Each structure stands twice: as C-alpha cells, then as structure tokens.
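[1] with the input below, show me the fold.
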Amino acid sequence: MKQVVIALMSLTFLLGTAHAGESASNATCEGFGPQTPRDIDQKDGDNPVKFSLAKPASEMNLCNIHFHEGAEHKAKAFSIYKGEGDHGYGGGYQCGISKELSEAELAPTKESICKGDHGELKPGDTIEVHWVHTSCDVEPGPTLGSCLSKGCGNPELRVETQVFTLVNDPNALDFNDLEQASDLPTNTGTPVQFLGSTTGPSYTEAVCSPYQVTWSVRPQCAKLDINTVGEWCKGNTFDEDHAHGVRKLVTNPKLLSDIE
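    Below you'll find the predicted structure:
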C-alpha cells in the first residue's frame, strides 16, 4: 500500500513539476530508460533499456488528456523552433502550416483562451495534445495520478499524440469532438510508435524521467478551432485549464530508443 501511495503522489507531478535522476552537473543521466520527446524523423537510438510496447489504445483505458503549448516532439511538419522558453513555456516547435494561415484564421478571439500564469493561447499557436492511456481499470480524471489505482501501481502507459495549429475558424476541428484516441483525425499520417518516458519541462538530458511509456505520435499537423479549446478549458473531467510547458528535445542517442 505504501508503495502505491508513493507512486500516486509521484505521478501527479508527471506533467513537469517533479525531478527524477537529478544530476549535479549537465552530464547525461545514466541507468534510465529511453526518454521523450524526440525527433520522430530520426529513427536511431542506443538506449539499452527495453520494455514491451503497450497494448493498442482501443484495449486500454483513457485516464487523462492534457496539452502543451508548442510541440514537444519534432517532425518535418512541426520543425520551426521557438526556443527553450521560460521553464518550458513559450518553447518547443511550431507547425509549418502556422506560417500559411489566412487573415481570418489569425483573427483575434473575442475572449482569452485557456489563460494561465504563463499567458494564453492565440490563433496561430501550436499545441501538442496527449491522450494518456493505462492498463489499470480506472476512470478518467485530473493529473496522471488518475492512471493508477490502489491495486494497479505499475501500469502499462500509452500516449496517443496529435499536434495542432490553432485557428479562429468554426469549420476547423472541434476539440470537444476528440474525446477518445479513436476520434483523432486520420489524415495526419501513420503514427510513429516508440518507447519513451514522460515529458514536461523539469526533465532534461541530465534529469531523466524514470517512467516507461509507449508513444504514438502522428507526423503531420491538423487545424483546430481555438474557440473549442477555450470551451474545453472552462470545464472538463481532467481539471485542465491551461497549456503545460515543454521538455527540451532529447537528442543524445544514449537516451533514445530505436524506432522500428
């Protein structure tokens, strides 16, 4: 029981407020499994830690949905580097299509969208959304602690991922229609699947995440109506009301899995 309680407390911070494997220097952390995020166009990795891919999302339970401002991952379609940001806020990568939007798509919104301590979302911004799945028999809820239960302290975890460009356009995708991974757009390429970890700005190549996660990242961006994201932030099962910061891209092959 004590171990489960500790695990539950730990997982509540997996969006980037906990530290694991902290190093006194900027040296690469050792003894950890493959890390995330990564450039999904680069397939090679030398991390020796192996674990089985999690089951398909359709055979698991959705436990949490959250999003990061700026793509944490990198791919050809989202490769415009915004910088490291302020503790991950305002950093990451931007969709290429964000540079090709119309004046109407970039029109200011009538109200603030998902405003937090680090700002708010604007048309033209890029977000990376994570649909987190667990092998535990749980109900969806706030924080990644919802992915555990008293009788299931070491679950398989899978994150289905889609990167979006936010537009002020009611004809774009409605975020409230994307309640399950099965609802995600089918025209954004074949998902790239690989072994990795949790993300968030507190983790680096020197401060590694100890958690094992199967990732499935779609390689192309889609346009999403920013107003529907704002509606979602006003009230949802996950108590999410703002964007999270991004973890700096992991590039050291010693910290990356091999993508088959």
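
[2] from here on, contacts and neighbour counts on C-alpha atoms
    OK.

[3] need the helices for the stretch 1-150 of the chain, in chain order.
    Per DSSP state H, counting those that start in this stretch, the stretch 1-150 of the chain carries helices over the ranges 2-11.

[4] show me where it dips below the pLDDT cut-off.
    Across the stretch 1-150 of the chain, residues meeting the criterion (pLDDT under 70) sit at 1-26.

[5] can you pull out the strands in it?
    Taking DSSP state E, counting those that start in this stretch, the strands of the stretch 1-150 of the chain run over residues 61-69, 80-83, 92-94, 113-116, 119-121, 126-134.

[6] given the fourth one, what are its sheet partners and their directions?
    In the sheet containing strand 113-116, the strands it pairs with under DSSP bridges are strand 119-121 (antiparallel).

[7] buried ones in the partner strand?
    Residues of strand 119-121 classed as buried: Leu121 (neighbour count, 16 or more other Cα atoms under 10 Å).

[8] any idea how far that strand is from the chain center?
    Remark: strand 119-121 is offset 17 Å from the chain centroid, using Cα atoms, centre = their mean, to the nearest Å.

[9] begin at 57 from here
    In the new count, where the first residue is 57, that last one comes out as strand 175-177.

[10] who touches it?
    Outside of strand 175-177, the residues that reach it under the criterion Cα atoms under 8 Å, 6 or more residues apart in numbering are Glu125, Ser168, Ile169, Cys170, Lys171, Ile282, His298.

[11] just stretch 306-314 next, same as before
    Judged by Cα under 8 Å, 6+ apart, the contacts made with stretch 306-314 from elsewhere in the structure are 88-95, 99-104, 250-252, 260-261.
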